[in-house]
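[1] Model the following, please.
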Amino acid sequence: MLSERAEVQVRPGTEEDLQALTDLYNHYVRETAITFDTAIFAPEERRPWLLSHLEDGPYRLMVATGADTDTDTRKVLGYATSSPFRAKPAYATSVETSVYVAPDAGRRGVGTLLYKALFEALAGEDLHRAYAGIAQPNEASARLHERFGFRYVGTYREVGRKFGRYWDVAWYEKEL
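    Okay, here's the model as predicted:
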């Protein structure tokens, strides 16, 4: 595991990542209830999202890359973001965080590396709390969040409908 983790690099996301990030997110849109989006995106539709995550400030995008042995380049293994929790001004010191890891990169510590980098980047920001909503069931995500000091605060029951069924979302919070 250490040698695989050593090959993973985490850095701020850039416009050059747009296609790979869109492809990764679309996997979760098509195949899972982890996101409640139901239609896939074209990269241009995701550009405003990408551009809303700057290299400084409270809204960040961290990207993990690893060696792609087929092309001798680096490929996106996952990403983590902090985004506005809600649009109203009094929520400005709260962020919502998320992590998406490529299906073939799971169980390699990529999510841990991404969250570590994200929370280090946010350390100097004027933030009070981070929140994460986890569609249920998702024990791996719950464990990751708990490792980073998130605590369970409640569940919205049957709050989203996707794939012909209703899904619960468990909410976690972390003091920053």
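[2] The helix or strand hosting A130: how far from the chain's middle?
    Using DSSP states H and E, A130 sits in strand 129-135. Centre-to-centre, strand 129-135 and its host chain are 10 Å apart (CA atoms, centre = their mean, to the nearest Å).
[3] now do stretch 84-100
    Chain-centre distance of stretch 84-100: 13 Å, with CA atoms, centre = their mean.
[4] what's next to that stretch, contact-wise?
    Contact with stretch 84-100 is made by 24-25, 28, 34, 58-59, 78-83, 111, 114-115, 118, 122, 126-133, 141, 144, 176, as judged by CB atoms under 8 Å, 6 or more residues apart in numbering. Quick note: C-beta positions are derived from backbone N, CA and C, even for glycine.
[5] related to what we said a few turns ago, which is the next helix or strand following the strand holding A130?
    Per DSSP H and E, strand 129-135 leads on to helix 139-147 as the next helix or strand towards the C-terminus.
[6] and the nearest residue to D168 once chain neighbours are set aside, what is it in contact with?
    The spatially closest residue to D168, leaving aside those adjacent along the chain, is Q136, at 4.3 Å (CB to CB, 6 or more residues apart in numbering). Residues near Q136 by CB under 8 Å, 6+ apart: T155, W167, D168, V169, A170.
[7] Roughly how far does the third one sit from G154?
    In other words, D168. 10 Å (CB to CB, to the nearest Å).
[8] Comparing those two, which residue is more hemmed in?
    A direct count of neighbours by other CB atoms under 10 Å for D168 and G154 places D168 higher, at 15 against 10.
[9] Between the contacts of Q136, which sits nearest F41?
    Proximity of the contacts of Q136 to F41 (CB to CB) peaks at W167, which lies at 20.2 Å.
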